[in-house]
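S.K.: Quick one: sequence and predicted model below, then my questions.
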Amino acid sequence: MEKEKSEKWNKMEIITLFVGALLLVLMITSISLAFVLKDVTEDMHTQSQQIADDEHEMHDLLEAIASKDARIAELEQMISDGNHQMDQKVADLEAKVKELNKINENLYEDNKNLIAAQDKWDEQLAEVKERLDVYETYDYAMFDTEGKRNDMNYDYIKELTELTAYRPVNDVDLYLSWIMIECEGHSNCRNKTSTAKGFAQFLDGTGKSVYNKYLVDKYDIEYYPDIVIDRPDICIDMMQEYVNYLYEETHDLNKTIDWYRGLHDEPYLKLFNKYLANNGKSIESIAKATKERELELLKAVG
């Protein structure tokens, strides 16, 4: 009985010890778990705080991004508005440039017209000045001995100057003096005792011969006696052709005048010198100048 009792007690002790040990383990485990839970809780709190901080930072970042997005949108709008304004200004400038180009084109055309008008005016002014010079230089050949205006004018004198430019006998005063002696500058003058007529007082036979030899192809008009009256310009051309023909035959201006006159006539020569004196010339001075010119022309040809 005692033995059974003792065994039973031993079992109870073992169980008690086991239970005690188990409780101790449980206690230690609980304590360990408590510390672990504390650490975990602290970690979780730290993590929660970190998450909260991160969320707050994220919120700040999102707000900053949103603010930047708004600023970017604002800048983009400003840029868009600026581009629109710039495009409008560019369009306005292009329109202004077109307008200015049109104005410039108009000014260019106006300037061309003004230059053309100025050139025309200059030509007219030059001609007026030339006419004045001609009238002042050769006024003695434009009025007859009674002081009446005759038919000599600027165009006939210009023609005479151009026709004789490359001829040996080319002194305009000589020809004008000759015309004044023959008809006092009246192109329709007719000799009462012969067929002589016109500026140069050509006889019908002489006039026909000179015209048909030198000028018929130039004017393409068939000769008729009154052509020297109807066309004073042709008469002047015939005169300079005939005078230069006579000079080429004689090579002497005095003989040329004698042959033209048909005889040696001192009063005729004195009349030449009377008219030539208006511009400080004489038969002698013109004869010398004509001889020098003849030599110059021969050198140029040879």
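M.R.: Everything's here; your move.

S.K.: all helices for the chain, in order.
M.R.: Under the criterion DSSP state H, helices of the chain are mapped to 2-137, 154-163, 172-183, 204-214, 216-219, 227-230, 232-250, 253-261, 266-276, 283-301.

S.K.: Comparing those, which comes out most buried?
M.R.: With neighbours defined as mean count of other CB atoms under 10 Å, the helices of the chain peak in mean count at helix 172-183, which reaches a mean of 23. The way it works is simple: take the backbone N, C-alpha and C, and place the C-beta from them, glycine included.

S.K.: Would you mind extracting the C-alpha trace of that one into PDB?
M.R.: What follows is helix 172-183, C-alpha atoms only, in PDB (Å, rounded to 0.1, in the frame of the first residue of the first chain):
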ATOM      1  CA  VAL A 172      28.200 127.300-141.200                       C
ATOM      2  CA  ASP A 173      28.800 131.100-141.300                       C
ATOM      3  CA  LEU A 174      30.100 130.800-144.900                       C
ATOM      4  CA  TYR A 175      26.900 129.000-146.000                       C
ATOM      5  CA  LEU A 176      24.600 131.400-144.100                       C
ATOM      6  CA  SER A 177      26.500 134.400-145.500                       C
ATOM      7  CA  TRP A 178      26.100 132.900-149.000                       C
ATOM      8  CA  ILE A 179      22.300 132.400-148.500                       C
ATOM      9  CA  MET A 180      22.000 136.000-147.200                       C
ATOM     10  CA  ILE A 181      23.800 137.300-150.300                       C
ATOM     11  CA  GLU A 182      21.800 135.200-152.700                       C
ATOM     12  CA  CYS A 183      18.200 135.700-151.300                       C
END
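
S.K.: helices or strands next to it in the packing?
M.R.: Using 3 or more CB pairs under 8 Å, 6 or more residues apart in numbering; DSSP states H and E as the contact definition, the elements that helix 172-183 packs against are helix 154-163, helix 232-250, helix 266-276.

S.K.: at 10 Å what do you get?
M.R.: helix 2-137, helix 154-163, helix 232-250, helix 253-261, helix 266-276, helix 283-301 (3 or more CB pairs under 10 Å, 6 or more residues apart in numbering; DSSP states H and E).

S.K.: Now do the lowest-mean-pLDDT helix or strand in the chain against helix 154-163, angle only.
M.R.: Least confident helix or strand, the chain: helix 2-137 with a mean of 77, by mean pLDDT, DSSP states H and E. Relative orientation of helix 2-137 versus helix 154-163 (axes from the mean of the first three to the mean of the last three CA atoms, to 10 degrees): 100 degrees.
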